[in-house]
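>>> sequence first, predicted coordinates after that:
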Amino acid sequence: MGTGAQMTAVPPVSVIPTVTLVEDEALFRDLLCHALERTGQLRVVGSYGSAQEALAGEGMREADVVLLDIDLGGEDGISLGRQLRARHPALGIVLLSNHAHLAFVRELIAADMTGWAYLLKKSVRDVQTILRAIEGVRAGQVVLDPQLAQGEPGGGRFPQLTARQTELWSLITQGYSNTAIAGRLGLSSKWIENAVGSLYAVLELDTRDPQLNVRVSAALLYAREAGGAHLTVLDDLRE
């Protein structure tokens, strides 16, 4: 598969994101709900303990984003995410997992990868990471957990990457905007803009293509290149 990610129309979204939770552990679900609502930056419109409840829940119709446990007490959270996306094409999906390894079927990679994030549950302690993931998927981006974005993807197809370029690539994959990267690294926005442009050139991403979402393409490419260390992506799943 190529690294291009075609732009899809993103409908207007509300000023305050609306979020639903699907988590079979009631205590964890309640703690997450309260932690998110305390930020004042979003509104939780639904909270469900199973796939059946989520599929039948009225709150899903109001949601911009769903936070979805991958292992719902034996049920497949990824399958549920695909069903919800089919019903609500603009729905952003944030997958939560206890493990740092995840296999995506080919259909998710080829046709349904925009507007998703994959976080480890331990990142729930960092509410800003979750908020960044929520905003990223609302904008059609791809966001990986910080721990999953700490691999060394440049040693494969891109050995010419500098340490700074690898760091920028990691931060883009974690959902940081250029402005946020500049603030985090203490560098000027103009410097970051130029450095990110140089990174895209090394990654052979054509920023002149109006149909290409380069940040999505960069994040997908990072996931594939770092797969050996942190993320398992299956390109070819046989029946």
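All right, it came through fine.
>>> residue boundaries of the strands in this protein?
When secondary structure is read from DSSP state E, the chain shows strands at 18-22, 43-48, 65-69, 71-72, 75-76, 92-97, 116-120, 142-144.
>>> which of those strands sits closest to residue 162?
Counting by CB to CB, residue 162 lies closest to strand 142-144 out of these; the figure is 20.8 Å. Just so you know, the C-beta spots here come from the backbone N, C-alpha and C atoms, and that holds for glycine as well.
>>> residue 100 against residue 120, yeah?
Yes - under the criterion of CB atoms under 8 Å, residue 100 is in contact with residue 120, at a separation of 6.2 Å.
>>> and for these two, which residues touch both?
Between them, residue 100 and residue 120 have 145, 147-148 as joint contacts when contacts are counted by CB atoms under 8 Å, 6 or more residues apart in numbering.
>>> low-confidence ranges in the protein?
Scanning the chain with the threshold set as pLDDT under 70 gives 1-14, 101-113, 151-155, 227-239.
>>> got the domain ranges for it?
Per automatic domain parsing, the domain ranges recorded for the chain read 16-145, 149-230.
>>> one step back: could you dump the strands of the chain to TSV with mean neighbour count and distance to residue 221?
Formatted as TSV, the entries for the strands of the chain read as follows, by neighbours: other CB atoms under 10 Å; distance: least, CB to CB, whole Å:
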stretch	mean neighbour count	distance to residue 221
strand 18-22	24	28
strand 43-48	19	33
strand 65-69	26	24
strand 71-72	19	27
strand 75-76	14	26
strand 92-97	24	19
strand 116-120	23	15
strand 142-144	28	10
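>>> nearest to residue 159, of those strands?
strand 142-144 (21.6 Å).
>>> which strands border the closest one, and is each parallel or antiparallel?
Using DSSP bridges, the strands paired with strand 142-144 are strand 116-120 (parallel).
>>> now the strand it pairs with: how far from the chain's centre is it?
Computed by CA atoms, centre = their mean, to the nearest Å, the separation of strand 116-120 from the middle of its chain amounts to 5 Å.
>>> and the helices in the protein, which stretches?
Listed in chain order, the helices of the chain (DSSP state H) span 26-38, 51-56, 59-62, 77-87, 106-111, 127-138, 163-173, 178-185, 189-202, 214-225.
>>> who does the shortest one touch, helix- and strand-wise?
Under the contact criterion of 3 or more CB pairs under 8 Å, 6 or more residues apart in numbering; DSSP states H and E, helix 59-62 touches strand 18-22, strand 43-48.
>>> go on, the first one?
Packing partners of helix 26-38 (3+ CB pairs under 8 Å, 6+ apart): strand 18-22, strand 43-48, helix 127-138.
>>> what angle separates that helix from helix 127-138?
Here the directions of helix 26-38 and helix 127-138 differ by 80 degrees (axes from the mean of the first three to the mean of the last three CA atoms, to 10 degrees).
>>> tell me what angle helix 26-38 forms with strand 43-48.
Going by the same axes, to 10 degrees, helix 26-38 makes 170 degrees with strand 43-48.
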